[in-house]
Every structure is written in C-alpha cells, then in structure tokens.
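> Predicted model, plus sequence, below.
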Amino acid sequence: MKRLPALDALRGIAILIVLVHHYVPEQFKPPLFWSGVDLFFVLSGFLITDILLRNRDASNYYQTFYLRRGARILPLYWVLLLVFFSGDDL
C-alpha cells in the first residue's frame with residue numbers, strides 16, 4: 001500500500017483526541033474523546049497488518065519486520081532515555 005495522506009490525517013486526529021482527553025478540563029471535553037487511543041491502535045494494527053501481508057512470501061519475514069520496527073523505535077527510545085537521565089545534570 002502506498003502512503004495514504006488520509007490515514008496520516010486520521011492518525012493526527014487520533015493524537016489530538018488523546019491530547020484533548022488528557023489536558024482539557026472535564027466540563028469542556030466533547031463526548032467520545034476517550035476513544036482516541038482506540039482509534040490510534042486500530043489504525044496502527046491496520047497498517048502493520050498490511051506490511052506483514054505484503055511481505056509474507058519473503059524468506060526472512062519476521063527478521064525484516066522486527067529489524068525495521070527496531071530501526072524506527074529504538075533510536076528515539078535511546079534519545080529519550082539519554083535526555084531523561086541527563087536531566088539531573090543540567
């Protein structure tokens with residue numbers, strides 16, 4: 001599946017819903033704004049399933065999948081840990 005801008009927009013909307021749910025006082029929240037995380041997980045599951053189905057005939061199916069996920073997630077994770085643990089020294 002090629003990149004679909006509508007799915008990127010939907011992901012952005014899900015993130016905004018989560019932020020509103022956590023940071024807007026209860027009396028000002030629109031109804032159903034508790035569902036942002038659910039929307040984000042459904043969308044992520046759809047996109048990950050598409051990646052897995054497109055590559056199911058590859059001989060290194062799981063290895064490639066997890067290497068790509070790690071390459072996307074781990075650098076930011078390590079930067080976040082570095083910032084968090086070096087915060088006391090600033």
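Perfect, I can see it now.

> C-alpha only now, for contacts and for neighbours.
OK.

> In this structure, where is pLDDT below threshold?
Residues of the chain meeting the criterion pLDDT under 70: 88-90.

> domains for it, by residue range?
1-54, 60-90 (automatic domain parsing).

> Show me the contact partners of the helix or strand containing Gly12.
Using DSSP states H and E, Gly12 maps to helix 5-23. Contact with helix 5-23 is made by Lys29, Phe33, Trp34, Ser35, Gly36, Val37, Leu39, Phe40, Leu43, as judged by C-alpha atoms under 8 Å, 6 or more residues apart in numbering.

> now do 6 Å
For helix 5-23, the surrounding residues in contact (C-alpha atoms under 6 Å, 6 or more residues apart in numbering) are Phe33, Gly36, Phe40.

> Which SSE is immediately downstream of that helix?
Going down the chain from helix 5-23, the next helix or strand is helix 36-54, by DSSP H and E.

> Name the residues of that following helix that are buried.
Within helix 36-54, the residues that qualify as buried are Gly36, Leu39, Phe40, Leu43, counting by 16 or more other C-alpha atoms under 10 Å.

> returning to that earlier point: now do the helix holding Gly12 against helix 36-54, angle only.
Relative orientation of helix 5-23 and helix 36-54, computed by axes from the mean of the first three to the mean of the last three C-alpha atoms, to 10 degrees: 150 degrees.
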